[in-house]
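In: here you go, sequence then predicted model.
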Amino acid sequence: MQPLRFATAGSVDDGKSTLIGRLLYDARAVQEDQLAAVERASVRRGGPALDLSLLTDGLEAEREQGITIDVAYRYFATPERKFIIADSPGHEQYTRNMATGASNADAILLLVDVEKGLLPQTRRHALIARLLGIRHAIVFVNKMDRVAFSADAFRELEQRVRSFAGALDFQSLEVIPGSALHGDMVVERGESLAWYAGPTLLERLHALPASAEDAAAGPLRFPVQLAAKPQQGQPRGCMGRIDSGHLLVGTEVLVLPSGKHTRVRRILTNGEEREIAVAGDSVTVVLTDELDVARGDLIVDPAVPPREARELQATLVWLGQEPLRPGGRYLVQHAGRRTLARIASIEAKLDVGTLEETQAGEVALNDIARATLRLQSPVFVDSYEAVRATGAFILIDEASNHTVAAGLVR
Amino acid sequence: MNAPVQKAFLAKRDHLDWLESEAIYILREVAGQCQNPVLLFSGGKDSIVLLRLAEKAFRPGRFPFPLLHIDTGHNFPEVIAFRDRRAAELGERLLVRLVEDSIRRGSVRLSSENQSRNAAQSVTLLEAIAEFQFDAAIGGARRDEEKARAKERIFSFRDEFGQWDPRNQRPELWSLYNARVNPGEHVRVFPISNWTELDVWQYIAREKLEVPSIYYAHRRPVVRRRGLLVPVTSVTPPRAGESIEEVMVRFRTVGDISCTCPVESSAFSVEDILEETKSATLTERGATRMDDQTSEASMERRKKEGYF
């Protein structure tokens, strides 16, 4: 089964660290030496005897400053499925970290404290997840123990969550009551929420589809990473990963930017022939004709080609410490190809609380803006909503080599 | 092809296929973006998996990088023999740089002859990177090993002093890896970041990969020290008052002799190891590493100094 990658967002106050700690602990992904370290740290800090939130405690550099710096990746598996958690810190640089964690996620897990209700922060996280194309959301209504596991308290909050998230058009939205502290509805059902008939958090995670299924149903997009040396008179192999759609031996394909039509002669993985490859597969493709194919070329479905663009209308999530330089030059990295770009104009900034457009101004760290980029050489793009792989790009500062923005083609 | 056929095809792909495909993609990105990469090969299980992935990524061609081992001089002989044999079988170039040479040059200074040379490897590694002007070093580190690793990028930038700055990492979105560096800087690349210890053993079983014999159960003289089984070797002699026992053990990680401990085991095959790994009650490093237990932040500090 495909692993499920999900991003979590929320602050320590919502009980996010406790929830992840509980999930790992009850899913038996925590071992005795880790537990002993948590027990020692719990005693040292004078908290409860076993504070599960300390399982996800971070770096020395973070403890010194009392902040969480960055996305942490955590792993657990059940006999049926492997799970990868991108755990984004709640307060600091939430846009930057959320975008990073969400970019590869199949689902978002949002935490809401039943006593505090739906906070602006939760709305922001949901919006950013949606902007990054996540289609499945789980809202875990935490701290049900504080309201005596009241069905009314849950249903009232669930109503508000659904009316807010409805506008975001998630393909699925599951709202689950529970208590991370006591473990109810995380892995075990517990005994206090007998009135709730829905799935536990882990059951829901098991049931969610990986986004590879969406990608496989899309049009063929195969960015060439490397061209192999020709072998014994055969046309050279094109190495890469199918990012969208599928390939069959014998089908006609279009090679960009040359615009040449040809057919797939062979598909190889590890020297073995195969008839078919789908999104997510790293393969070597041999074409019928000897074409001059190189890294950065794109092999696509001729019936549904991407659009050639010298100018990009895009949504930028600014990640750099230095603000965007209007009119400035940046490197664009898009589907295995790099070219230069100039920021031609900034149309608007987006309010991260509502995603509504506001007046354009300085675009700094954690800002989201709509901008137009002019490119030195053309790229072949789709809208991000349609095809993630050819709708996404990053901007790199040529001087510092830092990744300064995530871009989504509109 | 219609959607149900695609779905059926996807359903056949398991988590190892997914992890393998991701790792191949990452290795090819290194080849596509970097001028002069190298793959760190120690003869340990994680780097054995890396070599298999490199075969899948680049065969029938040659690897677009040489292999490099930083040899502390305190190795298990079975592992060194395996290392040389594996490199020869692949027909790829193996470079070896010795911590001993760094000691001779004076760039590594140890307080005693038998002090662990594990941390000193960083110095020799950085010297080798400078000597060959490598701009990328591919390693077998995994995020599940340790909390400092849990936050590290797949393409992880190192400045001209070889240092990792956890506060200033490049954001890493989608599969758009940024390996750009200036001369003197490099990136560390970790293709199996998303693998766990169990994934590694499942892959070794599936691919029928050979691993050095010390990964399997064997009898070995050890002493019990602070909850660990310390192998008795010329580098790690017993201390006063400690009694030597012969115990059936295997190694879960293979590193420098002076800091790697075996665990009690009766696993004589990969299948046995899979069973043991599934029911293990201690983490890989917790059960085996003397150097990670010195403080909560040992790995983080070593990494900042240029460690793997």
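Out: Cool, got the structure.
In: neighbours around B:L94, how many?
Out: Neighbour count for B:L94, taken as other C-beta atoms under 10 Å in any protein chain shown: 15. Quick note: C-beta positions are derived from backbone N, CA and C, even for glycine.
In: for A:L24, helix, strand, or coil?
Out: helix (DSSP: H, G, I helix; E, B strand; the rest coil).
In: skipping adjacent residues, who's closest to residue 23 in space?
Out: No chain specified, so I'll use chain A. A:V186 (5.7 Å; C-beta to C-beta, 6 or more residues apart in numbering or on different chains).
In: my bad, the chain I had in mind was chain B
Out: Of all residues not flanking B:A23 in the chain, B:P191 sits nearest, at 4.0 Å (C-beta to C-beta, 6+ apart).
In: just A:D14 next, same as before
Out: Spatial nearest neighbour of A:D14, excluding adjacent residues (C-beta to C-beta, 6+ apart): A:L111 at 4.2 Å.
In: how about A:D351?
Out: Excluding its sequence neighbours, the residue lying closest to A:D351 (C-beta to C-beta, 6+ apart) is A:T358, at 5.3 Å.
In: now do the contacts for that neighbour.
Out: Counting by C-beta atoms under 8 Å, 6 or more residues apart in numbering or on different chains, A:T358 touches A:A348, A:K349, A:L350, A:D351.
In: now flag whichever of those is closest to chain B.
Out: Checking those against chain B by C-beta to the nearest C-beta gives A:L350 as the nearest, at 17.6 Å.
In: tell me the pLDDT of that closest one.
Out: Predicted confidence (pLDDT) for A:L350: 90.
In: now swap in A:T56 and tell me
Out: So, for A:T56, pLDDT stands at 68.
In: what do you get for A:Q65?
Out: For A:Q65, the model assigns a pLDDT of 59.
In: one more: B:V5?
Out: Listed pLDDT for B:V5 reads 61.
In: now do B:D165
Out: B:D165 is assigned 89 on the pLDDT scale.
In: can you pull the contacts of it?
Out: B:F157, B:D159, B:K304.
In: please apply the same query to A:R374.
Out: A:R374 touches A:R310, A:E311, A:A341, A:R342, A:A344, counting by C-beta under 8 Å, 6+ apart.
In: which strand or helix spans the second one?
Out: Just to be clear, that refers to A:E311. Using DSSP states H and E, A:E311 falls within strand A:307-318.
In: the next helix or strand after that strand packs against which elements?
Out: Next in sequence after strand A:307-318, counting helices and strands by DSSP H and E, comes strand A:329-334. Helices and strands touching strand A:329-334, by 3 or more C-beta pairs under 8 Å, 6 or more residues apart in numbering or on different chains; DSSP states H and E, are strand A:337-350, strand A:368-381, strand A:392-396, strand A:403-409.
In: any chance of those in JSON lines, plus distance to A:A215?
Out: Output for the helices and strands packed on strand A:329-334, formatted as JSON lines (distance: least, C-beta to C-beta, whole Å):
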{"stretch": "strand A:337-350", "distance to A:A215": "19"}
{"stretch": "strand A:368-381", "distance to A:A215": "16"}
{"stretch": "strand A:392-396", "distance to A:A215": "12"}
{"stretch": "strand A:403-409", "distance to A:A215": "16"}
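In: wait, which of the ones you listed is closest to A:A37?
Out: Closest to A:A37 of the helices and strands packed on strand A:329-334, according to C-beta to C-beta: strand A:403-409, at 33.3 Å.
In: buried subset of the contacts of A:T358, written for ChimeraX?
Out: A single ChimeraX command suffices to select whichever of these are buried according to 16 or more other C-beta atoms under 10 Å in any protein chain shown:
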select /A:348,349,350
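In: show me the contacts for residue 144.
Out: Here I'm looking at chain A. With C-beta under 8 Å, 6+ apart, A:M144 has these contacts: A:V114, A:S150, A:A153, A:F154, A:P177, A:G178, A:S179, A:D184, A:S192, A:L193.
In: please go with chain B instead
Out: For B:D144, the contact set (C-beta under 8 Å, 6+ apart) comprises A:R74, A:Y75, B:A150, B:W195, B:T196, B:E197.
In: could you pull out the helices for chain B?
Out: With helices called from DSSP state H, chain B shows them at B:3-12, B:15-33, B:45-58, B:77-90, B:99-105, B:121-132, B:147-150, B:197-207, B:270-278, B:284-288, B:298-304.
In: and for chain A?
Out: Going by DSSP H, chain A shows helices at A:16-26, A:32-44, A:60-65, A:94-102, A:120-131, A:151-166, A:201-207, A:212-216, A:388-391.
In: widest-spaced pair of the contacts of A:M144?
Out: Comparing every pair within those by C-beta to C-beta identifies A:A153 and A:D184 as the most remote, at 14.1 Å.
In: so what sits opposite the closest residue to B:S265 other than its chain neighbours in the bridge?
Out: Nearest non-adjacent residue to B:S265, counting by C-beta to C-beta, 6+ apart: B:R250, 4.1 Å away. According to DSSP bridges, the residues that bridge with B:R250 are B:V263.
In: pretty sure B:R250 sits against B:Y215.
Out: Yes. Counting by C-beta atoms under 8 Å, B:Y215 is a contact partner of B:R250 at 5.9 Å.
In: which one's more surrounded, these two?
Out: Higher neighbour count among B:R250 and B:Y215: B:Y215, with 26 against 21, using other C-beta under 10 Å.
In: how near is that one to B:D46?
Out: Distance, B:Y215 to B:D46, by C-beta to C-beta, to the nearest Å: 12 Å.
In: tell me the confidence at the residue nearest to A:D351?
Out: With respect to pLDDT, A:T358 has a value of 88.
In: please tell me how far it sits from A:I299.
Out: Applying C-beta to C-beta to A:T358 and A:I299 gives a distance of 41 Å.
In: how is the chain divided into domains?
Out: Picked chain A for this. Following automatic domain parsing, one finds the domains of chain A at A:4-210, A:215-300, A:307-409.
In: please go with chain B instead
Out: Listed domain ranges for chain B are B:13-198+B:298-304, B:212-293 (source: automatic domain parsing).
In: going by mean pLDDT, which of those comes out lowest?
Out: For the domains of chain B, the weakest mean pLDDT is recorded on domain B:212-293, namely a mean of 86.
In: let me see the contact set for B:D256.
Out: B:D256 makes contact with B:T72, B:H74, B:N75, B:S116, B:R117, B:N118, B:Q121, according to C-beta under 8 Å, 6+ apart.
In: lowest confidence element among the helices and strands of chain A?
Out: Least confident helix or strand, chain A: helix A:60-65 with a mean of 61, by mean pLDDT, DSSP states H and E.
In: for the residue nearest to B:S265, what are its contacts?
Out: B:R250 makes contacts with B:I214, B:Y215, B:Y216, B:A217, B:H218, B:P262, B:V263, B:S265, B:A267, B:I273, as judged by C-beta under 8 Å, 6+ apart.
In: now, among those residues, which is nearest to chain A?
Out: Among the contacts of B:R250, B:V263 lies closest to chain A (C-beta to the nearest C-beta), at 12.0 Å.
In: what about that closest one, neighbour count?
Out: Neighbours of B:V263 under the rule other C-beta under 10 Å: 20.
In: now swap in A:H334 and tell me
Out: A:H334 has 26 neighbours, counted by other C-beta under 10 Å.
In: pick the one among the contacts of A:T358 closest to B:W201.
Out: The closest of the contacts of A:T358, once distances to B:W201 are taken by C-beta to C-beta, is A:L350, at 46.3 Å.
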